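# quick one: sequence plus predicted model below, questions after.
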Amino acid sequence: MKELAPIELLMRLFADAGLVLPPIPANLASQLIERRDWCFSTTPLERSPYAFDDFVREGIRPEVPDSLVLAHAGHGVNSYALHYYLVQRPLRVFLQLAWGGVYDDAAAKERVNRCFDLAHRLVAALDQAGQADRFRPGARFIVVASDFYCGYWTKPGEKPPKRLGEDPAQPVEAILTEAVEWAAQLVKGLS
């Protein structure tokens with residue numbers, strides 16, 4: 001029997017779990033490597049994907065190459081999450097969505113699916129806007145949203161906050177929705 005490519009294995013894992021697969025750009029899909037069960041990345045991982053703040057801090061730097069991490073990681077009974085870290089110029093998306101452990105129920109699954117649907121809309125809008133050369137070189141559109149930490153989003157040219165807090169004041173879905181709405185308005189302005 002033929003061994004599945006990492007992207008095929010990811011597709012099967014997400015389908016079997018009833019989850020929407022987040023956007024995986026073709027150029028990064030071909031670079032994915034399964035690092036361990038439910039852990040895929042295009043670059044070697046020096047730390048657990050659960051180290052959200054570390055991945056954000058590193059991933060928002062202007063000179064970071066395109067990359068993708070998609071993993072289920074956590075600890076204890078109630079600290080498991082799906083981690084989706086996409087760096088593809090100009091977009092930087094860092095999502096940490098509670099799922100698995102005690103969060104593995106129908107409501108959590110629906111919320112994760114809504115968030116990944118929003119991520120698809122965001123990537124599609126930025127792809128469309130990017131093709132119109134709307135972004136200057138080095139511009140970053142950053143979306144950081146976690147069920148366990150604070151989150152934010154910044155337009156290209158805006159500076160991100162220096163650090164994340166530990167009180168999620170704004171739900172992940174709300175942060176993603178605001179970012180998608182801004183990106184949609186940008187695309188609408190192109191027509």
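Thanks, I have the structure now.
# for the residue nearest to the spatial centre of the chain, helix, strand, or coil?
Centroid-nearest residue in the chain: Tyr84, 3.5 Å away (criterion: C-alpha atoms, centre = their mean). At Tyr84, secondary structure determined by DSSP: H, G, I helix; E, B strand; the rest coil is strand.
# so the closest residue to it other than its chain neighbours, which state does it fall into?
Leaving out its chain neighbours, the residue that sits closest to Tyr84 by C-beta to C-beta, 6 or more residues apart in numbering is Leu95, at 4.4 Å. For every residue, glycine as well, the C-beta is placed using N, CA and C. Taking three-state DSSP as the rule, one finds Leu95 in the strand state.
# can you give me the strands in this protein?
33-36, 39-41, 67-75, 79-88, 91-98, 141-146, 152-154 (DSSP state E).
# in terms of pLDDT, where does Arg134 sit?
At Arg134, the model reports a pLDDT of 64.
# so in this structure, which helix runs the longest?
Counting by DSSP state H, the longest helix found in the chain is helix 106-130.
# what's it packed up against?
Counting contacts by 3 or more C-beta pairs under 8 Å, 6 or more residues apart in numbering; DSSP states H and E, helix 106-130 packs against strand 79-88, strand 91-98, strand 141-146, helix 172-190.
# next, the contact list for the nearest residue to Tyr85 once chain neighbours are set aside, please.
Nearest non-adjacent residue to Tyr85, counting by C-beta to C-beta, 6+ apart: Val69, 4.1 Å away. Applying C-beta atoms under 8 Å, 6 or more residues apart in numbering to Val69 gives the contacts Phe40, Ser41, Thr42, Leu45, Pro49, Phe55, His83, Tyr84, Tyr85.
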